[in-house]
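*Asks:* just coords:
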């Protein structure tokens, strides 16, 4: 099988159109179209359903793309290393991360990288959805929570710690919260993903408990919950790195400081070995340092 044809196919899928793939490859659009037709003829398999406005992968095409995209990237990086380009910190990194980590930790760290390495470029997608890194062409992901088994390369960064916080406005005039059971009667602010669980899992030095809560406000984004907490909406169980600025400004106070959440793993994932190129290695190392500093790992 002609690898050039496979590479053109992968670029068409990555770019979402023949025109953009042709621009990326610096080839005439007609050449790209003919290459796809030839690949389909050689394999005896339709890979794309093409219309005048779009193209969609067939089931066989998606499977073929998922199989090819990783090895082609490895071959490209190997080719670059023959010319010493692997030691040059240049090129684009496509990265996905959760909104809160992305906005508060990753974005400033990426800005530092851009200042230090002018040849680096980044495409950032902040979402709490679990994306297909291979199919969507991502180089790197930062994820919170326990990971399912996969062929992706994984680097554990540390653990996200959460604390109980409330605003002085909410606590003013209410009975003092002195024990963990008192949370059951409080207005609580919780992530939407925890609504079907049986409460907050908390630990102290001597024991662990699961406290039933009464969510007054639920949201899919922690930053918005914290804003509601500052405004007096109730008690939130929120990441320490997000709470610290509000604690210093005395807009929030820690509730039941002897209790905190179980640690939640934070990891980096990539379809490729983290050392496969200078740009990926440099980005990974820099983000790991920034995340560990923010998480207190």
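*Replies:* That came through fine. In this text, all values refer to a predicted model and were calculated from it rather than measured experimentally. Numbers count the residues shown, from 1 in each chain.
*Asks:* Can you tell me the centre-most residue of the chain?
*Replies:* With distances taken as Cα atoms, centre = their mean, residue 97 lies nearest the centre of the chain, 1.9 Å away.
*Asks:* The nearest residue to it once chain neighbours are set aside: neighbour count?
*Replies:* Using Cβ to Cβ, 6 or more residues apart in numbering and skipping residues adjacent in sequence, the residue nearest residue 97 is residue 142, 3.9 Å away. The way it works is simple: take the backbone N, C-alpha and C, and place the C-beta from them, glycine included. Neighbourhood size, residue 142 [other Cβ atoms under 10 Å]: 23.
*Asks:* wait, is residue 142 part of a strand?
*Replies:* Yes - counting by DSSP: H, G, I helix; E, B strand; the rest coil, residue 142 is located in a strand.
*Asks:* what helices or strands is the helix ranked longest in the chain leaning on?
*Replies:* Counting by DSSP state H, the longest helix found in the chain is helix 59-82. Here helix 59-82 touches helix 3-15, going by 3 or more Cβ pairs under 8 Å, 6 or more residues apart in numbering; DSSP states H and E.
*Asks:* other SSEs contacting whichever helix or strand comes after the helix it packs on?
*Replies:* Once the chain leaves helix 3-15, the next helix or strand it forms, by DSSP states H and E, is helix 18-25. Helix 18-25 sits against helix 3-15, helix 29-43, with contacts defined as 3+ Cβ pairs under 8 Å, 6+ apart.
*Asks:* and helix 18-25, average pLDDT?
*Replies:* For helix 18-25, mean pLDDT is 85.
*Asks:* got a list of contacts for it?
*Replies:* With contacts defined as Cβ atoms under 8 Å, 6 or more residues apart in numbering, helix 18-25 is touched by 8, 11-12, 14-15, 28-29, 31-33, 36, 55.
*Asks:* Give me the contact list for the helix or strand containing residue 124.
*Replies:* Assigned by DSSP H and E, residue 124 belongs to strand 120-126. Residues outside strand 120-126 that contact it (Cβ under 8 Å, 6+ apart): 89-99, 102-103, 106-107, 110, 113-114, 131, 138, 279, 282-283.
*Asks:* and the chain, what are its domains?
*Replies:* For the chain, automatic domain parsing gives the domain ranges 3-82, 88-158+264-295, 162-261.
*Asks:* and the angle for the strand holding residue 124 with strand 140-144?
*Replies:* Angle, strand 120-126 to strand 140-144, by axes from the mean of the first three to the mean of the last three Cα atoms, to 10 degrees: 30 degrees.
*Asks:* Pairing partners for strand 120-126, with directions?
*Replies:* Take DSSP bridges as the rule and strand 120-126 pairs in its sheet with strand 91-97 (parallel).
*Asks:* right, and the helix or strand after the strand it pairs with?
*Replies:* Moving toward the C-terminus from strand 91-97, the next helix or strand (DSSP H and E) is helix 99-101.
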